[in-house]
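In: just need the structure, nothing else, for what follows:
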Amino acid sequence: MGLCVGTLSAFAQYKLWYDTPAQVWTDALPLGNGRLGAMVYGVPSAEHIQLNEETIWTGQPNKNANPAALEAIPVIQKLLFEGHYRQAQDMASAKVMSATNWGMAYQTFGDVYISTPQTTGYTDYRRELSLDSALAVTTYTVDGVRYRREVITSLADNVVTIRLTASRPGKITFDAHFATPQPDVIIKSQGDEATLEGVGGSLEGCKGKVKFMGRMACTTMTGGQQKAATSRDGIISVNGADEAIIYISIATNFVNYKDISGDEQARSEDYLRQAMGHDYAQSRAAHVSKFRSFMGRTSLYLGDDLYPQMPTDQRILHFANHDDNWLVATYFTFGRYLLICSSQPGGQAANLQGIWNDKLTPSWDSKYTTNINLEMNYWPAEVTRLTDLNEPLFRLIHEVSETGAESARVMYGKEGWVTHHNTDIWRVTGGIDHATSGMWMTCGAWLSAHLWQHYLYTGDRQFLAQAYPIMKGAARFLDGMLIAEPEHGWLVISPTVSPENSHPSPDGNIAITYGSTMDNQLIYELFHNVIAASKALGVDKDLDSYYTGRLAKMAPLQIGRWGQLQEWINDWDNPDDTHRHVSHLYGLFPGGQISPYRTPQIFDAARTSLIHRGDPSTGWSMGWKVCLWARLLDGNHAYKLIHNQLTLTEDRFVAYGTNKKSGGTYRNLFDAHPPFQIDGNFGCTAGIAEMLMQSHDGCVALLPALPDAWATGEVKGLMARGGFEIQDMAWRDGKLTRLVVRSTVGGNLRLRLNAPVKGLKKASGVNPNPLFALYTSQPVLNHAQVKLNDVTLPHTYLYDVATKAGQVITLIH
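Out: Residues are numbered from 1 along each chain as shown. Just a heads-up that it's a prediction; the model follows:
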């Protein structure tokens, strides 16, 4: 029997709600349509909506590769091999990092304020964000009149709309105006519209040339008659209407990373005119329908809502000492919501803050940090059936492969392409920041992994044919940069870092090194993926033997003295190091080289490393650790990390803003580094999916890391590699009660289950489905001075099911 719960519409019930208005930006509720972002405060007397447009950045098209790197790199390599780490690091900062700029900043457009008189005595207040329809609704009562505001960033009309209604006629009165921290803007009225126009800022000598324009207009309904509201001095005024709808359009002159010839005035006018020409009810329905076409693909139910009368921020506090599976499912749904809202096909990739930013100089410029944060943004895309939302990421990868080809030639004298640990809307690929973080050239391998994984999930050979030159270009560059280190003759990347961490040296703690474990794992994976892609496409047959030969000469994985997976080529790991990055565990997640079944020694060493890193950390780091503990098949520990992540960062109920330094979650469920970084939301969402289903290790494993707290539940619509959609999976007391799978491309479905199922064929040998092909095990050197732990695996059952494309199979019912 299937699980007897009404989960078909469970996702439709998930919402964020509060009984007080937002006080700070991280209280406000996020809306987005990929291009426009809005943060809704829900203040009755003076509504505040902060606005973003995804292409408002500082600067202009530019390049930042440093040609001095070409002569410096061999000198730096020599210094490193001789043990002069400080000199090497200083030289890398001076000669390899960009001498022009360290990337541009994403900027806010500004704000809209709606001032409403005589509302200070409001009662029955509520604001909420519905995760099934992407609507922010604020309601309150004044003098017996019930007021309602509904805000949408329309996926149908590409504008922000605000609808104001009341329970009695003639009660809608307000003034609305733009405001912005941007300097030298012009705010004025044009006919019945209020407008704001300006230019993005300059940064590090790169002059701002992104022109932007916002327009605001309003229609009212009074006594059944519709008319336009008046505008004067940039203020739109409404007096005594029955209903009002405010429309806001924003546009820039940005066309692409090398072209800013667009007409922001004509674009903003066109967006506004088209939206106002549509019936609001129909536009609202079209927006909700399009949003649900994404959100409705996957839903999660972990039990009934035990605390329906508790506002979201109080639930987060309550979660510290009480299980709240509904809150966890809400958080999972919210992660998918944020990706839908911040990464739509045709737009820009979600940046460090998605599309939400209220500052001119946000932390880390809110650009694209590519040593984990950008990649983490897209971890939920494939597994939670939002694969089409990868398009902005894939276009970014294509574009940095173009700009990165020039950086590879200018900086390193190599073919292929390179990008370092950051890029921006202009797709700069030179070294950014000091060498302590910026001297990292293996990003192309990580970005290429997203292309290959998309193929494994979809079997789309046409896509693979387009992606293959990018993957091959990344491999060509890194192959050209491999150099033999002096002690063992292993091929390594030099210079490099293990992202943002440091190691001991005679000169003190230093970041720069050669042959970091993460680099070795990334290249090992990339070369194997290029070989597999060439075979799938029937091209470049010589690459197999060439890259196999190169792989045989690379540094092995190493187990250090205290049983840990070494982060560095030398056994420098400090067992007391709790650094937020766990880069050497890439091969465990998101990579697939480390397996409890195929590589138990390294699996145990990775577990030891993760234990010593600790649990509490920055928000995004905890999101990553949820994924890692899921891959370690420890659902209870992964669940503990979810508890850690869903810790309220600023506890207003004790003393507002007194706990700002800890990672966790803000009241609006935004991830707290702190400050806000969106990647933690996405990382934890992916981790929850990994706890329920994994498909990286030669099969589709169901409930591989189920915590005790989730003994009963149901999930619909997770996607596994091989193109297998888990249409419906229900369980009770930790055992499957229903399983329905849809095969999108056909082929063998190998299942790993935690209980036997009658009638299914037992699996044996290697999975014949090429989309589940495994990496050959990387060589291992064990330097441990302690006894490694035995890996105890749960008893599971392997089955093979032959499928055809489009077939839906009920395996358990």
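In: any regions of the protein where pLDDT drops low?
Out: 1-12, 650-661 (pLDDT under 70).
In: give the residue farthest from the middle of it.
Out: Relative to the centre of the chain, the most outlying C-alpha is that of residue 223, 47.4 Å out, by CA atoms, centre = their mean.
In: show me what residue 211 bridges to in the sheet.
Out: According to DSSP bridges, the residues that bridge with residue 211 are residue 199.
In: what about it, neighbour count?
Out: Per other CB atoms under 10 Å, the neighbour tally for residue 211 reads 19. Where C-beta positions appear, they are placed from N, C-alpha and C, glycine not excepted.
In: so it sits right up against residue 196, yeah?
Out: No: in this structure residue 211 lies outside contact range of residue 196 using CB atoms under 8 Å: 11.8 Å.
In: which other helices and strands contact the helix or strand harbouring residue 137?
Out: If you go by DSSP states H and E, residue 137 is part of strand 135-142. Applying 3 or more CB pairs under 8 Å, 6 or more residues apart in numbering; DSSP states H and E, we find strand 135-142 packed against strand 36-40, strand 123-130, strand 145-153.
In: around residue 793, count how many other residues there are.
Out: 11.
In: so it touches residue 634, yeah?
Out: No: applying CB under 8 Å, one finds residue 793 not in contact with residue 634, separated by 11.6 Å.
In: now do the SS call for residue 788.
Out: Using DSSP: H, G, I helix; E, B strand; the rest coil, the structure places residue 788 in coil.
In: swap that for residue 727, please
Out: Assignment for residue 727 (three-state DSSP): strand.
In: please report how far it lies from residue 171.
Out: 48 Å (CB to CB, to the nearest Å).
In: and if you look at residue 465?
Out: Distance, residue 465 to residue 171, by CB to CB: 61 Å.
In: more neighbours, those two?
Out: Using other CB under 10 Å, the more surrounded residue of residue 465 and residue 171 is residue 171, with 18 against 14.
In: need the contact list for that one.
Out: 145, 147, 240, 242 (CB atoms under 8 Å, 6 or more residues apart in numbering).
In: cutoff 10 Å now
Out: 142-143, 145-147, 164-165, 240-243 (CB atoms under 10 Å, 6 or more residues apart in numbering).
In: from residue 707, how far out is the residue lying closest to residue 638 once chain neighbours are set aside?
Out: Excluding the flanking residues, the one nearest residue 638 by CB to CB, 6 or more residues apart in numbering is residue 629, at 3.9 Å. Residue 629 is 10 Å from residue 707, where distance means CB to CB.
In: identify the contacts common to the two.
Out: 635-640, 642, 691.
In: just checking, residue 526 touches residue 450?
Out: No: Residue 526 is beyond contact range of residue 450, at 11.7 Å (criterion: CB atoms under 10 Å).
In: those two: who's more crowded?
Out: residue 526 (25 against 20).
In: tell me who's in contact with residue 19.
Out: 124-127, 309-314 are the contacts of residue 19 under CB under 10 Å, 6+ apart.
In: highest neighbour count among these?
Out: residue 127 (26 neighbours).
In: leaving out the residues flanking it, which one is nearest to that residue?
Out: That would be residue 42: by CB to CB, 6+ apart, it lies 3.6 Å from residue 127.
In: so that neighbour touches residue 122, yeah?
Out: No: judged on CB under 10 Å, residue 42 makes no contact with residue 122 at a distance of 11.1 Å.
In: what sits against residue 529?
Out: 445, 448-449, 451-453, 455-456, 468, 471, 474-475, 547, 775.
In: doesn't it belong to a helix?
Out: Yes: per three-state DSSP, residue 529 lies within a helix segment.
In: if I look at it, how far off is residue 592?
Out: From residue 529 to residue 592 the distance is 11 Å (CB to CB).
In: shared neighbours of the two, anything?
Out: With contacts taken as CB under 10 Å, 6+ apart, the residues that reach both residue 529 and residue 592 are 449, 453, 456, 775.
In: and the third one, that's in a helix?
Out: Yes: under three-state DSSP, residue 456 falls within a helix.
In: what's near enough to touch it?
Out: By CB under 10 Å, 6+ apart, the neighbours of residue 456 are 382, 464, 529, 532, 592, 695-696, 720-723, 770-773.
In: ChimeraX command to pick out the buried ones of those?
Out: Provided next is the ChimeraX selection string for whichever of the contacts of residue 456 are buried by 16 or more other CB atoms under 10 Å:
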select :382,464,529,532,592,695,696,720,721,722,723,771,772
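In: inside helices: which ones of the contacts of residue 456?
Out: The members of the contacts of residue 456 that map onto helices under DSSP state H are 382, 464, 529, 532.
In: check contacts around residue 635.
Out: 629, 690-692, 703-710, 734 are the contacts of residue 635 under CB under 10 Å, 6+ apart.
In: do that again at 8 Å, thanks
Out: 629, 691, 704-708, 710.
In: drop anything exposed from those.
Out: 629, 691, 704-707, 710.
In: need those residues in CSV with secondary structure, can you?
Out: Below are the buried ones among the contacts of residue 635 laid out as CSV (three-state DSSP):
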residue, secondary structure
629, helix
691, helix
704, coil
705, coil
706, coil
707, coil
710, helix
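In: between those residues, which sits nearest residue 538?
Out: residue 704 (34.4 Å; CB to CB).
In: now the closest one. Nearest residue, chain neighbours left out?
Out: residue 694 (5.0 Å).
In: swap in residue 418?
Out: Residue 418's closest residue in space is residue 408 (CB to CB, 6+ apart), at 4.5 Å.
In: pretty sure the one you found sits against residue 415.
Out: Yes: counting by CB under 8 Å, residue 415 is a contact partner of residue 408 at 6.9 Å.
In: between the two, tell me which one has more neighbours.
Out: Taking neighbours as other CB under 10 Å, residue 408 and residue 415 compare with residue 408 leading, 28 against 13.
In: and the residue nearest to the spatial centre of the chain, what does it touch?
Out: Most central in the chain under CA atoms, centre = their mean is residue 377, positioned 1.2 Å from the mean C-alpha point. By CB under 8 Å, 6+ apart, the residues touching residue 377 are 339, 343, 349-350, 354, 393, 678-679, 682.
In: just give me the closest of those to residue 609.
Out: Of the contacts of residue 377, the one sitting nearest to residue 609 (CB to CB) turns out to be residue 679, at 21.1 Å.
In: how far is stretch 135-148 from where the chain is centred?
Out: 34 Å (CA atoms, centre = their mean, to the nearest Å).
In: can I get that stretch in PDB, CA atoms only?
Out: Presented in PDB, the C-alpha positions along stretch 135-148 are these (Å, rounded to 0.1, in the frame of the first residue of the first chain):
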ATOM      1  CA  LEU A 135       3.000  35.800  -4.300                       C
ATOM      2  CA  ALA A 136       3.800  38.000  -1.300                       C
ATOM      3  CA  VAL A 137       0.700  39.000   0.500                       C
ATOM      4  CA  THR A 138       0.300  41.500   3.400                       C
ATOM      5  CA  THR A 139      -3.100  41.900   5.300                       C
ATOM      6  CA  TYR A 140      -4.100  44.000   8.200                       C
ATOM      7  CA  THR A 141      -7.200  45.700   9.700                       C
ATOM      8  CA  VAL A 142      -7.700  49.400  10.400                       C
ATOM      9  CA  ASP A 143     -11.000  50.800  11.800                       C
ATOM     10  CA  GLY A 144     -12.800  47.700  10.800                       C
ATOM     11  CA  VAL A 145     -11.500  47.700   7.200                       C
ATOM     12  CA  ARG A 146      -9.400  44.700   6.000                       C
ATOM     13  CA  TYR A 147      -6.600  45.800   3.700                       C
ATOM     14  CA  ARG A 148      -4.600  43.500   1.400                       C
END
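In: circling back: any chance of the ones in helices among the contacts of residue 456 in a markdown table, plus distance to residue 492?
Out: As requested, the ones in helices among the contacts of residue 456 are exported to a markdown table (distance: CB to CB, whole Å):
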| residue | distance to residue 492 |
| --- | --- |
| 382 | 31 |
| 464 | 29 |
| 529 | 20 |
| 532 | 24 |
